[in-house]
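Asker: no letters, just coordinates:
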């Protein structure tokens with residue numbers, strides 16, 4: 001096992017190639033341990049160099065609605081009046097604290113996404 005820190009893109013590419021070779025290694029083996037450590041190093045490098053920002057709250061709501069095959073009218077039970085749902089989805093009205101709580105509860109959208117500015 002020859003594991004080194006990932007300091008640049010060349011190291012990153014090398015680590016990805018090695019990970020691909022040992023991807024099916026069994027836990028408790030030398031290669032399994034290498035796989036686990038390499039995965040942690042790759043994840044750390046990716047988080048530092050290729051960060052993924054949280055989605056916009058309205059985009060997150062629309063995405064979740066699509067996943068659940070929901071229509072805009074289905075949100076009236078969660079948010080309120082049909083016109084209010086339309087205003088929210090068209091970014092003409094901000095989410096209230098109560099709406100955020102209900103969206104979190106019923107659609108399982110994390111609150112840290114729903115409270116984000118948009």
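Answerer: Arrived safely, thanks for sending. Computed from a predicted structure; not experimentally measured.

Asker: how close does residue 34 sit to residue 18?
Answerer: Distance of residue 34 to residue 18, given as Cβ to Cβ, to the nearest Å: 8 Å. Where C-beta positions appear, they are placed from N, C-alpha and C, glycine not excepted.

Asker: go through this structure and flag its longest helix.
Answerer: Scanning the chain for the longest helix, with DSSP state H as the assignment, gives helix 30-49.

Asker: next structured bit after it?
Answerer: Per DSSP states H and E, helix 30-49 leads on to helix 57-67 as the next helix or strand towards the C-terminus.

Asker: ok so, going back, from the contact counts, what lies against the longest helix of the chain?
Answerer: helix 9-22 (3 or more Cβ pairs under 8 Å, 6 or more residues apart in numbering; DSSP states H and E).

Asker: buried stuff in the helix it packs on?
Answerer: Judged by neighbour count (16 or more other Cβ atoms under 10 Å), helix 9-22 contains these buried residues: 12, 15, 18-19.

Asker: got the angle between it and helix 30-49?
Answerer: Going by axes from the mean of the first three to the mean of the last three Cα atoms, to 10 degrees, helix 9-22 is angled at 140 degrees with respect to helix 30-49.
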